[in-house]
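Chemist: Here is my input; please provide its structure:
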Amino acid sequence: MLSYIDPVQNAKVSLSSTNGSLMRVAITDPFGKFSFDKLPGGEYSVSALYDEGGRQLPIEPAKATIQVTEENTSLEFKVLGFGVAGKVVSSTQVGIAGVKIMIDGQQRGTTGAQGGYKLEDISPGKYTLEGVKEHYVFDAIDIEVQPGMKNLPSLIATDYHLCGKVNMSNDKQSFPARRQIKISDKKRPGGDRATSTESDGSFCFEVKSGTYSVFPVVSSEEKERGLRLLPAEKTVKVEGIPVLDVNFSQHKLSISGSIKCLDKCSDFKVQLLNRGKVVEELAVDAKANFEFKSVLPGKYLLKVANDDFCWKQDRLEVSLND
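Modeler: Reported below is the predicted structural model:
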């Protein structure tokens, strides 16, 4: 008899002599049974082969030696495992490649380009099936593998990562890189969530497919100091795949000008002040021009740093708008 908890039909059983010569072949019936009748007494070798979709499944024992006497002799073979197929898909039913397939916490395969996979040599029983891939979230499901089963239920991604970065400058006008990011679901008002960025400004949310509004939080005090993040808010659509490029950056401007002198202007410096504090100091070029780059919006004072000269006007108030 050949079985796999349940009997196995259409398995090929071979009878050979002790020198390896094939003598007879039998095919198992619906009850997994086979027989070789009217054998002369002596020693024989018996082996079984079961083919599933072009693949030979392991059988135990691989080969059995029997001694035929006047009494009937019985043998039992067992198939050690079958192959079952499955698929991993997104919430939009698109296959997901590169997903690690975990059975009871152990990796047993990886999905191909269309999200398909096959578990080889798996025994009947109850298992926990999980999928693992960066930026995807899967709920574990309980499955029961039965003899003859060809396909497992599809594993469906439930959530996806929505990630981005807030790019902050590291100059004298810099603000804390870590800040709060909020997200709201356009179809579910009142379900706002928040997270804090990492030290490098990166952040991530786990979301379902849908449309979201994402925005970095800027305090009133920061706005008064000229902090503007662009865009102020982003509308993001998540449709069965992660979105990883929701980025924000500081809005900065430039201030340029020149110094006019009665004689040649040389070795002069210009200071940029905000709220009475020097933000930056520059030396003018050969033509007495200057330019302050990457300046936050706000009100500033431009001042010539050389106090030992007489100036008709040595300072100028400047307002940088958004």
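Chemist: When you work out contacts or count neighbours from here on, use the C-alpha atoms and nothing else.
Modeler: Fine.
Chemist: bridging residues for Phe138?
Modeler: Ala157 (DSSP bridges).
Chemist: so it makes contact with His161?
Modeler: No: contact between Phe138 and His161 fails when scored by CA atoms under 8 Å: they sit 11.8 Å apart.
Chemist: Quick check: neighbours shared by the two?
Modeler: Common contact partners of Phe138 and His161 (CA atoms under 8 Å, 6 or more residues apart in numbering): none.
Chemist: Tell me where the stretch 51-200 of the chain has strands.
Modeler: Counting by DSSP state E, counting those that start in this stretch, one finds strands in the stretch 51-200 of the chain at the ranges 55-57, 59-60, 64-68, 77-79, 82-89, 100-103, 106-110, 116-122, 125-132, 136-138, 141-145, 155-167, 180-185, 193-196.
Chemist: by contact count, what packs against the third one?
Modeler: This points to strand 64-68. Counting contacts by 3 or more CA pairs under 8 Å, 6 or more residues apart in numbering; DSSP states H and E, strand 64-68 is packed against strand 42-52.
Chemist: chain center to the strand it packs on: distance?
Modeler: 47 Å (CA atoms, centre = their mean, to the nearest Å).
Chemist: Buried residues, that strand. List them.
Modeler: Going by neighbour count (16 or more other CA atoms under 10 Å), the buried part of strand 42-52 is Tyr44, Ser45, Val46, Ser47, Ala48, Leu49, Tyr50.
Chemist: Likewise for stretch 104-124?
Modeler: Gly109, Thr110, Thr111, Gly112, Gly115, Gly116, Tyr117, Lys118, Leu119, Ile122, Ser123, Pro124.
Chemist: out of these, which one sits closest to Ala64?
Modeler: Ser123 (22.2 Å; CA to CA).
Chemist: can you tell me how far the closest one sits from Val13?
Modeler: 21 Å (CA to CA, to the nearest Å).
Chemist: same check, this time on Glu198
Modeler: Taken as CA to CA, the span from Glu198 to Val13 is 64 Å.
Chemist: which of those two has more neighbours?
Modeler: Val13 (22 against 15; other CA atoms under 10 Å).
Chemist: For the more buried one, what is the enclosing helix or strand?
Modeler: Val13 belongs to strand 12-17 when elements are defined using DSSP states H and E.
Chemist: Distance from the chain centre to the next helix or strand after that strand, please.
Modeler: Toward the C-terminal end, the helix or strand that comes next after strand 12-17 (DSSP H and E) is strand 22-27. Put simply, strand 22-27 sits 53 Å off its chain's centre (CA atoms, centre = their mean).
Chemist: so what secondary structure elements neighbour the strand holding Val13?
Modeler: strand 22-27, strand 42-52.
Chemist: Now render the ones you listed as TSV, adding distance to Gly276.
Modeler: As requested, the helices and strands packed on strand 12-17 are exported to TSV (distance: least, CA to CA, whole Å):
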stretch	distance to Gly276
strand 22-27	97
strand 42-52	82
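Chemist: Out of these, which is closest to Lys186?
Modeler: strand 42-52 (50.0 Å).
Chemist: Thanks a lot, catch you later.
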